[in-house]
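> Could you look at this predicted model? Sequence included:
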Amino acid sequence: MVVSMLARKEQAVIPAAPLSVNKSPEQEPKAQKIVLETKHLYVYYGEKPAIKNVSLAFPEHQVTALIGPSGCGKSTYLRSLNRMNDEVAGCRIEGDILYKGEHLNRPGVDVFEVRKHIGMVFQRPNPFAKSIFENVAFGPKHHGVKKALLEEIVEESLKKAALWDEVKDRLHTSALALSGGQQQRLCIARALAMNPEVLLLDEPASALDPVSTGKIEELIVELKKEYTVAIVTHNMQQAARISDITTFFYMGELIEAGETSQMFTNPKKKQTEDYLSGNFG
Ligand SMILES: Nc1ncnc2c1ncn2[C@@H]1O[C@H](COP(=O)(O)OP(=O)(O)OP(=O)(O)O)[C@@H](O)[C@H]1O
């Protein structure tokens, strides 16, 4: 039932995205397909809402950056998008999460199926203590993909994650022997092996050196040709460099969202301006 609920289906939606931005007619964006969106989303830890009434849409093949001060709820919001918060005891979600128009926050939805379509990569690279090959093959294998196809999936995923050339001669050695940056690209390859449509990246470069960070940034820009990307970042320059849309969160609320160039040069809200100019506090 849930598989069919999530079957890929084409549907054009005029974006309300980003829902919080009031655009004048000449600024009206072209009709873009919305892959994922939340409407009036609240996320509670116990009684306390960490996310309050957030409505936001993620257009296809765009990188949307989530920025804001520590504790404002960026990770909580990101993790709600593929129901990762289900793992947190006492966490409760109200409101709508829609993937291609299908409700994800409803009883009976298979969260494992959701996460096949909406993959996630975390702040710290977390490869399994297995070979490079086994790391990438893990998800498809678990879902019954035949051995003959696994090699193809592993190669393709590693190529998409810009790691193939560095590891093709040592696929059966431990993933833990890779550098931090390589491990993170391996985790991206592992997510891609499930053939998702959306990638959620939670500060994927924050534990990496500048060279590895640069590679991850290049990779994200490349990946958006095929995927829709949402990224939490503390690094405002990074958001400016790689995102098409920037969203600013503060104390659990979405304060403003807009095209990245506009957000960084001409934000509409004073709180956004203060944050982006470093006058926050
Ligand atoms: N597992 C949890 N249990 C209870 N409260 C939590 C939990 N995770 C986060 N919170 C609270 O929710 C709020 C938002 O946290 P969240 O980690 O989403 O913010 P953030 O903007 O991603 O912060 P940072 O940039 O520091 O990672 C904070 O007040 C935090 O203390």
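Looks like it arrived, so ask away. Note that this is a predicted model, so its numbers are computed, not measured. Numbering: from 1, shown residues only.

> Can you verify residue 226 is assigned to a strand?
No - Residue 226: not assigned to a strand; according to DSSP: H, G, I helix; E, B strand; the rest coil it is coil.

> Does it touch residue 161 like I think?
No - using C-beta atoms under 8 Å, residue 226 is not in contact with residue 161, being 11.7 Å away. C-beta here means a position set from N, CA and C on the backbone, and glycine is covered the same way.

> For those two, indicate the residue with more neighbours.
residue 161 (26 against 13; other C-beta atoms under 10 Å).

> any idea how far residue 183 is from the more buried one?
Taking C-beta to C-beta, to the nearest Å as the measure, residue 161 falls 11 Å from residue 183.

> which neighbours do the two share?
Here residue 161 and residue 183 have no joint contacts, going by C-beta atoms under 8 Å, 6 or more residues apart in numbering.

> How are the helices of the stretch 51-200 of the chain distributed by residue range?
Along the stretch 51-200 of the chain, the segments classed as helices by DSSP state H, counting those that start in this stretch run 74-80, 111-117, 132-142, 147-160, 164-167, 180-192.

> Let me know the average pLDDT across the fourth one.
To tie it back to what came earlier, the one meant is helix 147-160. Averaged over helix 147-160, pLDDT sits at 95.

> Give me the residues contacting that helix.
With contact meaning C-beta under 8 Å, 6+ apart, helix 147-160 is reached by 132-133, 136-137, 140-141, 145, 164, 167-168, 171, 186, 189-190, 192-193, 223, 226.

> mind putting the helices of the stretch 51-200 of the chain in CSV, distance to residue 97 included?
Shown next, in CSV, are those (distance: least, C-beta to C-beta, whole Å):
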stretch, distance to residue 97
helix 74-80, 7
helix 111-117, 9
helix 132-142, 22
helix 147-160, 26
helix 164-167, 34
helix 180-192, 19
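
> Quickly note the distance from the residue lying closest to residue 40 once chain neighbours are set aside to residue 55.
Of all residues not flanking residue 40 in the chain, residue 95 sits nearest, at 4.3 Å (C-beta to C-beta, 6 or more residues apart in numbering). Distance, residue 95 to residue 55, using C-beta to C-beta: 8 Å.

> same question, residue 154
39 Å.

> Between these two, which is the more surrounded one?
residue 154 (25 against 18).

> Stretch 204-211 vs the ligand: in contact?
No - interface with the ligand: stretch 204-211 contributes nothing (C-beta under 6 Å from any ligand atom), its closest point being 9.1 Å away.

> Which positions in that stretch come out as buried?
Residues of stretch 204-211 classed as buried: 204-205, 207-208 (neighbour count, 16 or more other C-beta atoms under 10 Å).

> same deal with stretch 126-138?
Neighbour counts over stretch 126-138 (16+ other C-beta under 10 Å) mark 127, 131-138 as buried.

> can you dump the C-alpha coordinates of it into PDB?
C-alpha atoms of stretch 126-138 as PDB (Å, rounded to 0.1, in the frame of the first residue of the first chain):
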ATOM      1  CA  ASN A 126      29.300   7.300   9.400                       C
ATOM      2  CA  PRO A 127      30.400   4.400   7.100                       C
ATOM      3  CA  PHE A 128      29.800   0.900   8.300                       C
ATOM      4  CA  ALA A 129      32.800  -1.100   9.400                       C
ATOM      5  CA  LYS A 130      32.700  -3.000   6.100                       C
ATOM      6  CA  SER A 131      34.300  -2.700   2.700                       C
ATOM      7  CA  ILE A 132      33.700   0.200   0.400                       C
ATOM      8  CA  PHE A 133      31.700  -2.100  -1.800                       C
ATOM      9  CA  GLU A 134      29.600  -3.400   1.000                       C
ATOM     10  CA  ASN A 135      28.800   0.100   2.300                       C
ATOM     11  CA  VAL A 136      27.400   1.200  -1.000                       C
ATOM     12  CA  ALA A 137      25.700  -2.200  -1.800                       C
ATOM     13  CA  PHE A 138      24.200  -2.400   1.700                       C
END
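
> All set, thanks.
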